[in-house]
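Undergrad: Predicted model, plus sequence, below.
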Amino acid sequence: MGKTNADALEWSTLERGETKFRRKQLAAAAGGEDIGCSLYELPEGRRSWPYHYHTGNEEALFVLEGTGTLRLDGETLSLEDGDYVAFPAGEDGAHRVVNDTPGALRYLLLSTMNDPDVTVYPDSGKVGVFAGSPPGGDGERSVNGYFREGETVSYWEDEEPEA
């Protein structure tokens, strides 16, 4: 592998509430393993994935065409052609892309593909856990789930009592 052409790939579409976008997983199609890259197209008036950050993966966004806004670490920034934004792993990298302008917003989203990873969703109080294949990966996961942050149990809860 090693090479792909975006025009040769089919779009996948996700739509749920205010979230709607089209995506082409470029890195996966080219056989990439350690760096992910997807082409996104966000229609007018729509939003990307819910506001989140990764604890084990860094991401970056490069705007190809269009304008919009980016919620980044609690701030709102404008986006336009040629903008590049880094999302470090951790709370400082929390982000969500919004197309609040006329026309489509097209961008590349790049990511390290470290496994395992935990994603945190500050607005909804959830965490996602991924092991065996990172977020955005196509491999089989040995652990995968979303949980309410703060709903914890003690380490020894439901374990066999000592004899």
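TA: That came in fine, so what should we check first? Note that this is a predicted model, so its numbers are computed, not measured.

Undergrad: would you list every one of the strands in this structure?
TA: For the chain, the strands defined by DSSP state E occupy 12-16, 19-25, 35-42, 53-54, 59-65, 68-72, 75-79, 84-87, 95-98, 105-112, 117-121, 126-131, 143-148.

Undergrad: check contacts around the residue nearest the centre of the chain.
TA: In the chain, the C-alpha nearest the mean C-alpha coordinate belongs to Trp49, at 6.4 Å (C-alpha atoms, centre = their mean). Residues counted as contacts of Trp49 (C-beta atoms under 8 Å, 6 or more residues apart in numbering) are 19, 96. Every C-beta, even on glycine, is put in place using the N, C-alpha and C of the backbone.

Undergrad: pretty sure Asp92 contacts Asp73?
TA: Yes. Look at Asp92 against Asp73 with C-beta atoms under 8 Å: they come within range, at 5.2 Å.

Undergrad: Give me the sheet partners of the least confident helix or strand in the chain by mean pLDDT and which way each runs.
TA: Ranking every helix and strand in the chain by mean pLDDT, DSSP states H and E puts strand 143-148 at the bottom, with a mean of 86. If you go by DSSP bridges, strand 143-148 pairs up with strand 126-131 (antiparallel).

Undergrad: buried ones in the strand it pairs with?
TA: Using 16 or more other C-beta atoms under 10 Å as the burial criterion, the residues of strand 126-131 that qualify are 126-128, 130.

Undergrad: now stretch 73-90
TA: So stretch 73-90, judged by 16+ other C-beta under 10 Å, has buried residues 79, 83, 85, 87, 89.

Undergrad: Give me the pLDDT value at Gly137.
TA: With respect to pLDDT, Gly137 has a value of 70.

Undergrad: nope, Gly150 is what I was after
TA: Note on Gly150: pLDDT of 84.

Undergrad: what's around it, how many residues?
TA: Counted with other C-beta atoms under 10 Å, residues neighbouring Gly150 total 7.

Undergrad: Could you find the closest non-adjacent residue to it?
TA: Spatially, and ignoring its direct neighbours in sequence, Gly150 is nearest to Gly125 (7.0 Å; C-beta to C-beta, 6 or more residues apart in numbering).

Undergrad: I'd say the one you found and Glu151 touch.
TA: No. With contacts counted by C-beta under 8 Å, Gly125 stays clear of Glu151, the gap being 9.2 Å.
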